[in-house]
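J.: got a predicted structure here, sequence first:
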Amino acid sequence: MSSAQLNRQSRTSMNWALAAFVCAVGAGILGAYGDVALAENRISEASQQCIDCHSVATPAIVENWKKSRHFSVTPEEALKRKALERRVSAKQVPAALASSVVGCAECHCMNPEAHKDLFDHNDEKVHLTVTPHDCRTCHTDEAAQYEKNIMSHAHGNLAKNQLYGAMMTSVNGIQSVGKDQKISVAAPDELTMADSCYSCHGTALEVTGKTTRDTTYGDMEFLKIKGWPNQGVGRLNPDGSKGSCASCHTTHEFSIVMARKPYTCSQCHKGPDVPAYQAYSVSKHGNLYASMEKDWKMDSVPWVLGKDVSGPTCATCHASLVTSIDGEVIATRTHQMSDRLPWRIFGLIYAHPHPKSPDTSIIRNKEGQPLPTSFDGARAAEFLISPEEMEIRKQRLQKVCRGCHALNWVDGHWARFETSLSTTDKMTLAATQLLETAWKEKLADPSNPFDEALERLWVEQWLFYGNSTRFASAMMGADYGVFANGRWFMSKNVRDIVDKIGCLRVQPSNKAH
Amino acid sequence: MSSAQLNRQSRTSMNWALAAFVCAVGAGILGAYGDVALAENRISEASQQCIDCHSVATPAIVENWKKSRHFSVTPEEALKRKALERRVSAKQVPAALASSVVGCAECHCMNPEAHKDLFDHNDEKVHLTVTPHDCRTCHTDEAAQYEKNIMSHAHGNLAKNQLYGAMMTSVNGIQSVGKDQKISVAAPDELTMADSCYSCHGTALEVTGKTTRDTTYGDMEFLKIKGWPNQGVGRLNPDGSKGSCASCHTTHEFSIVMARKPYTCSQCHKGPDVPAYQAYSVSKHGNLYASMEKDWKMDSVPWVLGKDVSGPTCATCHASLVTSIDGEVIATRTHQMSDRLPWRIFGLIYAHPHPKSPDTSIIRNKEGQPLPTSFDGARAAEFLISPEEMEIRKQRLQKVCRGCHALNWVDGHWARFETSLSTTDKMTLAATQLLETAWKEKLADPSNPFDEALERLWVEQWLFYGNSTRFASAMMGADYGVFANGRWFMSKNVRDIVDKIGCLRVQPSNKAH
Amino acid sequence: MSSAQLNRQSRTSMNWALAAFVCAVGAGILGAYGDVALAENRISEASQQCIDCHSVATPAIVENWKKSRHFSVTPEEALKRKALERRVSAKQVPAALASSVVGCAECHCMNPEAHKDLFDHNDEKVHLTVTPHDCRTCHTDEAAQYEKNIMSHAHGNLAKNQLYGAMMTSVNGIQSVGKDQKISVAAPDELTMADSCYSCHGTALEVTGKTTRDTTYGDMEFLKIKGWPNQGVGRLNPDGSKGSCASCHTTHEFSIVMARKPYTCSQCHKGPDVPAYQAYSVSKHGNLYASMEKDWKMDSVPWVLGKDVSGPTCATCHASLVTSIDGEVIATRTHQMSDRLPWRIFGLIYAHPHPKSPDTSIIRNKEGQPLPTSFDGARAAEFLISPEEMEIRKQRLQKVCRGCHALNWVDGHWARFETSLSTTDKMTLAATQLLETAWKEKLADPSNPFDEALERLWVEQWLFYGNSTRFASAMMGADYGVFANGRWFMSKNVRDIVDKIGCLRVQPSNKAH
């Protein structure tokens, strides 16, 4: 303990690599003992100090961490695995970190100089958040890929898009009833925004001051952090990085099993706006998973198609390193989820090629709106990937399909999928044309295209029904694409819009709506 | 067998303790043998007699029971466990029951004098239902807590609330089309009520006569029991008790595993009126459960947070005895579910502090309606728990949170949750004000506030969308609280109500609606 | 290899039995070795040849198949099992097939003369599809039962029903907005139909030509098959058979476990039109399955109620061979799903006795429409099973119930279920009467009763809300039958129809609608 204590003062200004080095020297070089005993012997002194209190203060986190690979494998050992078996992509890690297991201090004291959320805690400098910039010390490639993942920009892509700002206001703002039943809408409060859109998109974390809390160990001082807690995919972190690895790799077990299971994706991709999980769960793939996963190996690296698993989860097709039983690489691991996706099929009015940049707030359509298409469907092509790039991504994805399916299966499926993109776009266009008529007749006010009841029908046409139909088609969950929230509603909705327009026309007050 | 046969006659008028004593003496005192053989040797003669026929008549029940702890542990053994490991809260059990396993007769012949559903069955006196008053023989504390659980009053809380009676009529009554498309509604029939509302709330069981049925063993006489079958949480039992332990502890395996899994709660808490399970399943907690439960220990008593489970189910937070790995009690077991709940967030127009009494039919708002708030949101405070009691319950709940989460996490979460209570209430108030305008203009008839199309929109504002938003907020299942059935619909619905009022105004017939 | 090669030329015109015989002789008679090694020694030469390439071309299929019983058991061995344990119902299988495991060639070269999708593939004659006519070689009874299953006629029952053709057009056809917001609908394209209705109902597979594809082994010629891929229950196969065993027995593991799990049924029976899975999942049965299945034996043949499983899945009640622990047969295996179903409760306007013939396109109501009832509810009785047959089927089903439940439970449940059939029918009748008024007033056009917004409300009354209520009642998933998609909406919808009619009346344009 003494050498570690000695170092506490200096650690705040040192960078972590040095601090950890001192820890590691303090801990000494350990021989190989069995399992938990071995692991416990290889906990750094700094981490052990955390554990000493936190096994009382937050005991379940500590126990949970003891189930993780971080607890049982040192970076040094991880780096010795064969290329395909490695879960650590760094070529090397700082020497001081190499021989301790990855404990509390290794992450929560990492890169102290970058962290605006650094605070004094029992004479240590620790930070609340652990960010992709911290994780990249060992998981270098994944962090780099994730920066190109549109998810990492999920906060700004919403916050900086004025049009979608109007949608957020109309969804989350408190409505008040005025004279003649005129509705006015207040700007949504920050806590509501964090509890809704930004829960998935990520909050902007901001240190706003200090607070004293009554803890197991007496009064202690902590930072007040606006936007906390949050593990959204595009969280703006106090060290300037974006996102949270914990979105999918849940703390503190960090299990690859969890990231590979479809429930993790479903946390954000289940609602009618992004019903990926819903479509998957009525597909043959989802059925295979639900029925047979009991006997699958969900933690193998690499992941062997057919042997480890008899069918895919979200990760299999979109993220994981998958190989054949002979070790042929079918797909390399990626944390840029659009790597295997030519089309973006949700969240916007029409299906379109993926944006070139993960920062979609820079996109402008021909009318100057921050949208990848115009209301008439014309694409803002210069901001979107080329047909050549689309073909490359399609081939990457289809190579996974072809692990199990013959070419004619894959081609037949893809033809249907692209037909669904076209038909859902046409059905959206019909709804858009009707809405534009209503706007012209002043039955609705286009200044915010998302707030009135008629406009909501139009939004549901693409945001719910069009998306649902496309997801159902993409993942062969056909049942979801008809009566669940798909074509039945898409076709009914056009008629509802017609009727609603008819109804608004005969209401004298509506001209002034 | 002979001593048991000897006793059959007298058992009807004896109380059970004595009867069972005779059984037990008949069965003798058993030594300890291995497993199933042991258990089978410790079945009372009375139960063995049941099994002799029922292993043919209803063979799967018998096999199912053989998987239960009731089959393998005697009360005597159960009472010897250390305090934290006990599943039996009685200080002691009647001597006659102590050394037999808990079989058919131990429950279905218990407390015969209290059971109006007692009948002659192969010369035995048995009763169809087993009730909390029977179970409390061994599970004393749980039964006592459950009497204070609002669930135990679920039947009367509905049946005795005239306003909610109007809602049940308008939901379950058959509608007929009269002249000029005027709709009339018949009172709902009893079987429909048992098949809908009272399926969860519990039916009122009532012996109405006898019937002879053709069975495997020839014609036999049984009781006719109105309301059967039912395992609703507030069932009115023929012995005067309320509820059914089998609601959650499914017969005849009675596994604590099942009561702890979220599917059990989801039987009644999944619909849009109480979407607890839906919100949980898109939360990180629900994801942890779904992804990792394969390796969790769901039957440990006490339940060790972090070690046995890496995340909570419904029971963890709301009911179970949970401890740290060091045996510190984080929460004591409770069968009064509101013990850890300051707020009641569903089923009523506005969120409000929990009622003081589990019998909510006694509540009156300032207008004299049987509601915990007025239509304007004012609380019937004298019937609701005090701020002090709310604080106690909040601390009890948050102590579970703090098993895994630091204080700033818990506080940040709670601030969002209470904001959601406030915002959903405001959005409900807007809808209510619109409805009151319509009532004034005679566009709708307030005599039953739940039957007309316009009124239904208003009910959905709080019963569906407000509730959904609150549950999503309470359990960090944010995705459910926006597009799934939350803020999107809550905000759209206000506009739909405005439009509908506009539409009703221009229909000449509506003034006489 | 040489004798197999010798035979390739002649195999196209030979029938398979002979061809396989030659393979088998070539492979020799194998002794018994351990497990995988054994199985691999018993792969026919023809199948081994497939595997040689396909373990590279589609490696996961091969690995997946190695997990199947087809890989580890020969027909000869399968036939030696005791009657109740047999999974193969043929009295005998062709000698040439008996001692090889069931590999690629055994299925994909079976019955070559019947298969219009036969093509030259590496000098072999293989067919893409494997059909019930192929599977019946070993699974004779199942294939015969399936022909009587209404599912096997699912394609034609839709395609040949002109009225439902109008529904498909209005759901899947692209809508265009004309002058004065008049909507016109194009006939749906073939790919959309395959991606929606026919995904479950089955496509009509048709060889339309040849195509050359670039494969791992260079350019190869394949057939172009319209309607591929598809595994719908009523698929029209190139050998004249109907359906696909792979609908439920997913390729290439063909596990009985999967067919017995509810997810398989949910692929097609989850949407609001057939919410069987949804109702099941909130029932006690579904809860038992979800909570306890971890410890159940899902692959036992026969399936012992209570011992292997503590509660039923879809298959338990509707399809599987189930016995008591003493080997008493509670229900015989059936692949005619209506064998244990007196009532048909979904997809049509009113509940009605099951049709006599699986070909429902022959049914005519008194108005000559292809419907089992008239719009007023009158049944086309001559096409429906008799009360006597209904009683037989009810008894078959209830015998499964009685494995776990006493008679009074079963009777009480059934009375509620049949009440729900009656109440949902009455609520549908009310909606129908309102629609007929609208048709008379020319507020809607009856020529296609499924396309206008008002008509859609009517369809939802029975196709969604009536069905949902009935499924909830049938499977004791009461929660689903009230607020989820049941009685709440059924009762609200009648009022919505009234209001919509009122609204249409005041729109001047609507008389010409």
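T.: Received it, and whenever you're ready, just let me know what you need. Keep in mind it's a predicted model, so treat the numbers as computed, not measured.
J.: go through chain A and flag its longest helix.
T.: helix A:407-440 (DSSP state H).
J.: using neighbour counts, pick out the buried residues of that one.
T.: Under the neighbour-count criterion of 16 or more other C-beta atoms under 10 Å in any protein chain shown, helix A:407-440 has A:407-413, A:416-421, A:423-439 buried. Every C-beta, even on glycine, is put in place using the N, C-alpha and C of the backbone.
J.: and it, what does it pack against?
T.: helix A:387-404, helix A:453-460, helix A:467-474, helix A:487-505, strand C:175-177, helix C:190-195, strand C:206-215, strand C:218-226 (3 or more C-beta pairs under 8 Å, 6 or more residues apart in numbering or on different chains; DSSP states H and E).
J.: got the angle between that helix and helix A:387-404?
T.: 130 degrees (axes from the mean of the first three to the mean of the last three C-alpha atoms, to 10 degrees).
J.: residues of the stretch 251-400 of chain A that sit close to chain C?
T.: A:281-284, A:286-288, A:290-292, A:294, A:304-307, A:310, A:324-326, A:328 (C-beta under 8 Å from any C-beta of the partner chain).
J.: mind redoing it with 7 Å?
T.: Within the stretch 251-400 of chain A, the residues that sit near chain C (C-beta under 7 Å from any C-beta of the partner chain) are A:282, A:284, A:287-288, A:290-292, A:305-307, A:310, A:324-325.
J.: got the end-to-end distance for stretch A:292-311?
T.: Length of stretch A:292-311, first residue to last, C-alpha to C-alpha, to the nearest Å: 9 Å.
J.: the helices in the stretch 201-350 of chain A, which residues?
T.: Along the stretch 201-350 of chain A, the segments classed as helices by DSSP state H, counting those that start in this stretch run A:256-260, A:262-266, A:276-281, A:284-292, A:314-318.
J.: out of those, deepest packed?
T.: helix A:276-281 (a mean of 26; mean count of other C-beta atoms under 10 Å in any protein chain shown).
J.: helices or strands up against that one?
T.: helix A:262-266, helix A:467-474 (3 or more C-beta pairs under 7 Å, 6 or more residues apart in numbering or on different chains; DSSP states H and E).
J.: of the ones you listed, which is nearest chain B?
T.: Chain B lies closest to helix A:262-266 among these, at 4.2 Å (C-beta to the nearest C-beta).
J.: the closest residue to A:Asp359 other than its chain neighbours: neighbour count?
T.: Using C-beta to C-beta, 6 or more residues apart in numbering or on different chains and skipping residues adjacent in sequence, the residue nearest A:Asp359 is A:His153, 5.0 Å away. By other C-beta atoms under 10 Å in any protein chain shown, the residues close to A:His153 number 24.
J.: A:His153 touches A:Pro358, doesn't it?
T.: Yes. With contact defined as C-beta atoms under 7 Å, A:His153 reaches A:Pro358; the gap is 4.6 Å.
J.: so what's the residue nearest to A:Leu191 when sequence neighbours are not counted up against?
T.: Taking C-beta to C-beta, 6+ apart, and ignoring the residues beside it in sequence, A:Leu191 has B:Thr419 as its nearest neighbour in space, at 4.2 Å. Counting by C-beta atoms under 7 Å, 6 or more residues apart in numbering or on different chains, B:Thr419 touches A:189, A:191-192.
J.: just for the stretch 401-513 of chain A, where's the confidence low?
T.: For the stretch 401-513 of chain A, the stretches with pLDDT under 70 are A:509-513.
J.: can you tell me the SS state at the residue nearest to A:Asp359?
T.: Three-state call for A:His153 (DSSP: H, G, I helix; E, B strand; the rest coil): helix.
J.: ok, now the one 5 residues further on?
T.: When states are read from three-state DSSP, the local structure at A:Leu158 comes out as helix.
J.: and it, how close does it get to B:Tyr480?
T.: Counting by C-beta to C-beta, to the nearest Å, the separation of A:Leu158 from B:Tyr480 is 19 Å.
J.: A:Ala444: what's it in contact with?
T.: A:438, A:452, A:454-455, A:513.
J.: repeat that with 6 Å
T.: A:438, A:452, A:454-455 (C-beta atoms under 6 Å, 6 or more residues apart in numbering or on different chains).
J.: quick one, phi psi at it?
T.: Torsion angles at A:Ala444 (phi, psi; degrees, to the nearest 10) stand at phi -150, psi 160.
J.: and the one 5 residues further on, by the same measure?
T.: Backbone dihedrals for A:Pro449, given as degrees, to the nearest 10, come out at phi -80, psi 10.
J.: nearest residue to it in space, ignoring adjacent ones along the chain?
T.: A:Pro449's closest residue in space is A:Glu455 (C-beta to C-beta, 6+ apart), at 5.5 Å.
J.: how far away is the one you found from A:Ile501?
T.: 12 Å.
J.: now the helices of the stretch 201-350 of chain A in TSV, please, with extra columns for mean pLDDT.
T.: What follows is those, written out as TSV (pLDDT from 0 to 100):
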stretch	mean pLDDT
helix A:256-260	98
helix A:262-266	98
helix A:276-281	98
helix A:284-292	98
helix A:314-318	98
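J.: in TSV, list these along with distance to B:Gly227.
T.: Below are the helices of the stretch 201-350 of chain A laid out as TSV (distance: least, C-beta to C-beta, whole Å):
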stretch	distance to B:Gly227
helix A:256-260	44
helix A:262-266	38
helix A:276-281	36
helix A:284-292	36
helix A:314-318	46
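J.: which one, of these, ends up nearest to C:Tyr465?
T.: Among those, helix A:276-281 comes nearest to C:Tyr465, with 20.3 Å by C-beta to C-beta.
J.: now the closest one - C-alpha only, PDB.
T.: Only the C-alpha atoms of helix A:276-281 are listed here, as PDB (Å, rounded to 0.1, in the frame of the first residue of the first chain):
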ATOM      1  CA  ALA A 276     -35.500  -4.000 -36.000                       C
ATOM      2  CA  TYR A 277     -36.000  -6.300 -33.000                       C
ATOM      3  CA  GLN A 278     -39.700  -6.800 -33.700                       C
ATOM      4  CA  ALA A 279     -39.000  -7.800 -37.300                       C
ATOM      5  CA  TYR A 280     -36.200 -10.000 -36.300                       C
ATOM      6  CA  SER A 281     -38.200 -11.800 -33.700                       C
END
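J.: so what touches that helix?
T.: Outside helix A:276-281, the residues touching it (C-beta under 6 Å, 6+ apart) are A:262, A:266, A:269-270, A:286, A:471-472, A:475, A:477, A:480.
J.: repeat the analysis, applying 7 Å as the threshold.
T.: A:262, A:265-266, A:269-270, A:286, A:314, A:471-472, A:475, A:477, A:480.
J.: near the residue of the stretch 151-300 of chain A found nearest chain B, how many other residues are there?
T.: In the stretch 151-300 of chain A, the residue that lies nearest chain B is A:Ser199 (3.3 Å; C-beta to the nearest C-beta). Using other C-beta under 10 Å, A:Ser199 is surrounded by 26 other residues.
J.: check which helix or strand it maps to.
T.: Under the criterion of DSSP states H and E, A:Ser199 resides in helix A:197-201.
J.: for A:Ala319, what are its contacts?
T.: Contacts of A:Ala319 (C-beta under 7 Å, 6+ apart): A:333-335, A:337.
J.: kindly indicate the member of these with the most neighbours.
T.: Busiest of the contacts of A:Ala319 [other C-beta under 10 Å] is A:His335, holding 23 neighbours.
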